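> I'll drop the sequence and a predicted model, then ask my questions.
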Amino acid sequence: MDIFYYWKNIDDDLRAGRIGWLKSERQKLGELKERYPTNIWAFKTPIGCKGQLQLLAKLVWSDTPSVDVPKLDVTSMIFYDDSHKDTIFYNSTDTVEAIETMTKILRIQFPVAFRSNFQGDNGIQIMDGDFLRQFKKLADNFSGTPLPILSVEK
């Protein structure tokens with residue numbers, strides 16, 4: 001099982017050095033953490049592309065933080081290993097073709113999330129089974145690099 005995570009503020013989070021963890025005002029993220037996911041797949045809506053999604057990163061889940069996490073007033077939090085060799089930031093998913101391809105497969109799997117514009121619990125979804133196998137094959141077509149921004153910020 002993996003997790004779909006709509007990372008609305010990725011740019012702000014990376015600039016502020018908020019690495020190694022993701023937060024949510026909803027309980028769903030914490031509940032999924034208890035199922036020991038393998039990866040967290042991060043997405044956002046590209047600027048000027050309302051209703052579409054761009055794959056940003058594959059984050060390897062961790063049951064403990066790899067960085068000091070500040071005390072926050074949030075409902076749930078999940079950790080990822082930013083230095084793991086399989087944690088990558090995709091650098092080839094910002095093309096029109098890549099965005100359309102990702103949007104198509106995700107819209108079919110998560111129609112309610114799209115209709116609600118990924119608000120609240122709809123921004124966090126379970127990815128598993130045949131859908132996850134198909135998704136991974138698709139993601140393998142994109143190039144990526146380790147998260148150098150995160151390594152520098154530590």
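Looks like it arrived, so ask away.
> Enumerate every residue touching the residue nearest the centre of the chain.
For the chain, the residue whose C-alpha lies nearest the mean C-alpha position (Cα atoms, centre = their mean) is residue 42; its distance is 1.6 Å. By Cβ atoms under 8 Å, 6 or more residues apart in numbering, the residues touching residue 42 are 5, 7, 10, 55-59. To be clear about C-beta, it is placed using only N, CA and C from the backbone, and glycine gets the same treatment.
> just residue 88 next, same as before
With the criterion set at Cβ under 8 Å, 6+ apart, residue 88 makes contact with 57-58, 144-147.
> so what's it bridging to?
With DSSP bridges as the criterion, residue 88 is bridged to residue 58.
> Could you identify the most distant pair in the contacts of residue 42?
The two members of these with the most space between them (Cβ to Cβ) are 10 and 58, at 13.5 Å.
> Can you tell me which of the contacts of residue 88 are buried?
Among the contacts of residue 88, those classed as buried by 16 or more other Cβ atoms under 10 Å are 57-58, 144, 147.
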